[in-house]
Each structure stands twice: as C-alpha cells, then as structure tokens.
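>>> My questions are about this predicted structure, shown below with the sequence.
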Amino acid sequence: MGAFTTDVQTDMRTLVFATANPNKVKEVQALLPADIRIIGLTDIGCFEELPETHDTLEANSLEKAEYVHTKYGYDCFSEDTGLEITALGGEPGVDTAHYAGTRDPQSNMQKVLQLMKGENDRSAQFRTVFTLILGGEIFQFEGFVTGQIAENQRGTHGFGYDPIFIPDGHQLTFAELDTKVKYQMSHRAKACNLMTEFLTSQL
C-alpha cells in the first residue's frame with residue numbers, strides 16, 4: 001500500500017507528507033522534482049493530531065512518520081521544526097508550534113516578542129528534521145537557517161513565526177521576502193533538498 005507509487009499514465013510518483021498544514025505541503029511541493037507529487041494527511045483520511053511526545057525534533061519527527069506508516073500503511077515522510085532562540089536557552093524548540101499554550105501563531109509570536117523585549121542578543125535559528133520511511137527503512141535529513149528575531153512583526157507572506165524571523169544576510173523577515181526566495185533558502189528547503197537527492201537516487 002506504499003504511497004511512493006507511480007501513476008503509469010503520468011509517470012507521477014506520489015508520497016504522503018505527514019502533515020495537515022497546507023502551507024507546508026505547498027512549500028515542500030515547490031521544492032520537489034516535477035515527477036514527485038505529495039499529498040497530505042487529509043488526502044489519506046487522517047484527521048487526528050499526530051503524536052509529538054518527545055523532547056527532540058529528531059524523535060518527534062520519527063514518531064509522526066511511524067504513526068502514519070503503522071496506522072495507514074503508507075510510505076511517508078514527516079518533519080518537525082523548531083525555532084531555537086539563543087537568549088531563551090534554545091526555546092521554544094520542540095514547543096515551537098504551541099509555545100503560548102496554543103497553536104495560534106499570533107499568540108506564539110507575541111510571547112516570543114515579550115520575552116525578548118530589551119534583549120540585545122537576538123540570534124536564533126530555525127531547524128528542521130525530516131524523517132522518511134521508504135520500503136520499511138528509516139532515513140533522516142536535517143536543515144537549518146540562522147538569523148535574528150525582529151523587534152516586531154513584519155510582513156504578510158509565509159506562516160508561523162515568519163513575521164519575526166530575519167534570516168542572516170537579509171534585512172527582511174521571512175514574511176517580507178518573496179515566497180520563492182524563502183522557499184529556496186529556508187531550513188525546510190535545506191532538509192527537503194537532502195531528501196530529494198536521496199529519493200532521486202532511489203528512482
């Protein structure tokens with residue numbers, strides 16, 4: 001029942017991305033070769049929230065991929081991403097998605113900005129770990145991008161913490177940068193590119 005299958009008519013290979021976030025699906029799809037199509041959890045009838053019970057991105061990413069593979073029988077990949085802020089001791093880290101006790105991006109960003117008020121060291125990094133389960137084997141790929149936490153929210157593109165993260169080498173936040181520029185340089189892009197190279201080698 002593996003999802004990394006080929007449509008004979010289109011030569012399109014399909015792989016399940018263990019996320020219900022359409023923004024993530026869109027971002028990763030833009031990074032993949034034209035002959036690889038990804039579908040999200042709702043496309044396979046999975047509407048429950050995936051478990052994330054560990055204290056590292058690597059373990060949480062693996063847990064989500066194994067959940068989908070075991071319960072639904074598909075080859076798949078998952079990702080876990082953390083915003084790691086130096087002045088906050090690496091927080092929010094694995095709690096990035098619900099740092100303020102909710103998955104509301106505005107609440108999470110406001111908590112970060114409040115904690116960082118008056119802080120001179122605003123260095124941070126986004127780190128992503130992809131876990132791919134293919135043919136029963138497990139593979140992990142990591143990507144990261146360093147930057148600074150902005151003084152306030154800026155920009156309307158992107159999602160999550162993008163309005164308060166300024167990648168090194170830029171003056172604009174992820175949410176102010178052109179979407180295509182962000183896709184090419186993001187932590188998720190770097191991890192995805194490593195996975196893509198691997199998938200391509202398997203074809």
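In hand now; what should we look at?

>>> For P51, see how far away the closest residue to F141 other than its chain neighbours is.
Spatial nearest neighbour of F141, excluding adjacent residues (CB to CB, 6 or more residues apart in numbering): L194 at 4.0 Å. Glycine gets a C-beta too; all of them are placed from N, C-alpha and C. L194 sits 25 Å away from P51, going by CB to CB, to the nearest Å.

>>> The two - which one has more neighbours?
Ranked by neighbour count (other CB atoms under 10 Å), L194 and P51 place L194 first, with 17 against 11.

>>> Past the lowest-mean-pLDDT helix or strand in the chain, which element shows up next along the chain?
Taking mean pLDDT, DSSP states H and E as the measure, the chain has strand 5-7 as its least confident helix or strand, at a mean of 51. Later in the chain than strand 5-7, the nearest helix or strand by DSSP states H and E is strand 12-17.

>>> pLDDT on that following strand, on average?
Averaged across strand 12-17, the pLDDT comes to 86.

>>> same question, stretch 150-166
Rounded mean pLDDT across stretch 150-166 is 95.

>>> Now do it: distance to the chain's middle.
In terms of CA atoms, centre = their mean, to the nearest Å, the centre of stretch 150-166 is found 16 Å from the chain centre.

>>> Now it: buried residues?
For stretch 150-166, the neighbour count (16 or more other CB atoms under 10 Å) marks 150, 153-155, 157-158, 160-166 as buried.

>>> mind checking the end-to-end distance for that stretch?
End-to-end span of stretch 150-166 (CA to CA, to the nearest Å): 6 Å.

>>> List the contacts of it.
The contact list for stretch 150-166, computed with CB atoms under 8 Å, 6 or more residues apart in numbering, reads 21, 23, 83, 96-97, 105, 108-109, 112-113, 122, 124, 126, 147-149, 172-179, 182.

>>> For PyMOL, write a command that selects the buried ones of those residues.
Buried subset of those, written as a PyMOL selection, criterion 16+ other CB under 10 Å:
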select buried, resi 21+83+96+97+105+108+109+112+122+124+126+147+148+149+172+173+174+175+176+177+182
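
>>> Restricted to helices, list the contacts of stretch 150-166.
In this view, the contacts of stretch 150-166 that belong to helices under DSSP state H are N23, P105, N108, M109, V112, L113, T179, K182.

>>> Let me see the contact set for the first one.
With contact taken as CB under 8 Å, 6+ apart, N23 is in contact with G158, F159.

>>> hey, what's the nearest residue to Q202 once chain neighbours are set aside bridged with?
Leaving aside its sequence neighbours, Q202 sits nearest to L134 (CB to CB, 6+ apart; 7.0 Å). L134 has the following beta-bridge partners by DSSP bridges: E137.

>>> ok, now how distant is L134 from L15?
Using CB to CB, L134 is found at 8 Å from L15.

>>> Which of those two has more residues huddled nearby?
L15 (22 against 19).

>>> Surely the more buried one is in contact with D75?
Yes. Shown here, L15 and D75 form a contact pair, counting by CB atoms under 8 Å, at 6.7 Å.
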